[in-house]
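Colleague: build the 3D model from these lines:
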Amino acid sequence: MTDYKNLKLIATSNPHIRGSETTRSIMLDVIVAMVPALVWAIFMFGMKALTLTAVSVIACMFFEWLYRKVMKKPQSVGDLSAVVTGMLLAFVSPVNIPYWMIIIGDFFAIVVVKQLFGGIGKNFVNPALAGRAFLVGSYAGAMTTWLDPAKCKAPLIGSAEIVASATPMAYLKNGDLAGLKEAYSIGEVFLGQHGGSLGEVSALLLIIGGVYLIWRKVINWQTPVAYIGTVAVLSFLFPKAGTGLEWMLYSVFSGGLLLGAFFMATDYATSPVTKKGQLIFGIGCGLFTVFIRYFGSYNEGVCYSIMVMNCCTALIDKYTKPTRFGIVKSDKKEAAAK
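Modeller: Next up, the predicted model:
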């Protein structure tokens, strides 16, 4: 017979199955995935890319620490989510903006968008994107002036005098595919040999980072594939100029599409939790991105498309949640009608 008196039984509350992942480990994976794009930015734009990113990260961590300290809440700086926000906000900004400007964006992202709503996991829009939208609305000139890396590097202090007259997105906005092909080949756009925001210029390295996150199971493939696929299909079917294939490749590799699809649209707190919902979310982001690019006054639509879909996340989750085990669909409909 079994000696039950000597068995070591441990009674705990659910969940009984726990994963080894923590918030810190997940954020660390995201940081690792962004490092290649950061290294390329330093190579293309100079050391200002590194110092601007460092200032943004330090400011985000400081504002989060200060807010939690003043409000007498447990510190959350150690989970590295503020580091990710700081890097992402730097990535979606021109390398030539002054340091004080990105610090203002960091304050808005961390304090207003993230902490005032309760901290990590409780914000309803992506903090980095909200910070960028705030900076574009407040300092439109600085946030839409791009350095031409082929002519000069960004100085550590002050602003560069030589800037790019047009980025690939500007050519696409005007439907000038011939001018874009003359300025940058598809290969140059894919590798990141052109002007633009600090961390979104190299499509190749962003794809590598995104594949790393999928391989590490930090993100699911549904949202980025649906997002990029929707933009690719619409761009192929409705090119403004040239062939559909050329227009599609330039549209996918230019701007912030890949950065947004892999690193922002997949944010846990602001995106759907169901696989079906993630597909719908990605398709919606793709539709809004193309609509803004084609019919809006702004060259790029990634930032605003993701933020709009962030506001729809709760509704998407509501109508895509799976049926609970043991619940008949007819019973579910009756319960919903009551």
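
Colleague: just the pLDDT for residue 19.
Modeller: Note for residue 19: predicted pLDDT of 63.

Colleague: over to residue 166?
Modeller: Residue 166 is given a pLDDT of 73.

Colleague: what's the burial count for it?
Modeller: 20 (other CB atoms under 10 Å). Glycine gets a C-beta too; all of them are placed from N, C-alpha and C.

Colleague: just for the stretch 151-300 of the chain, where's the confidence low?
Modeller: For the stretch 151-300 of the chain, the stretches with pLDDT under 70 are 152, 155, 158-165.

Colleague: that one: helices as residue ranges?
Modeller: Using DSSP state H, counting those that start in this stretch, the helices found in the stretch 151-300 of the chain span residues 168-173, 177-183, 186-191, 203-215, 222-237, 244-253, 257-259, 275-295.

Colleague: would you mind giving these as a markdown table with distance to residue 64 and mean neighbour count added?
Modeller: Output for the helices of the stretch 151-300 of the chain, formatted as a markdown table (distance: least, CB to CB, whole Å; neighbours: other CB atoms under 10 Å):
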| stretch | distance to residue 64 | mean neighbour count |
| --- | --- | --- |
| helix 168-173 | 32 | 23 |
| helix 177-183 | 40 | 16 |
| helix 186-191 | 35 | 17 |
| helix 203-215 | 23 | 19 |
| helix 222-237 | 26 | 21 |
| helix 244-253 | 34 | 20 |
| helix 257-259 | 22 | 26 |
| helix 275-295 | 27 | 21 |
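
Colleague: save those helices as JSON lines, and put in distance to residue 107 too.
Modeller: As requested, the helices of the stretch 151-300 of the chain are exported to JSON lines (distance: least, CB to CB, whole Å):
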{"stretch": "helix 168-173", "distance to residue 107": "28"}
{"stretch": "helix 177-183", "distance to residue 107": "36"}
{"stretch": "helix 186-191", "distance to residue 107": "33"}
{"stretch": "helix 203-215", "distance to residue 107": "27"}
{"stretch": "helix 222-237", "distance to residue 107": "28"}
{"stretch": "helix 244-253", "distance to residue 107": "33"}
{"stretch": "helix 257-259", "distance to residue 107": "22"}
{"stretch": "helix 275-295", "distance to residue 107": "26"}
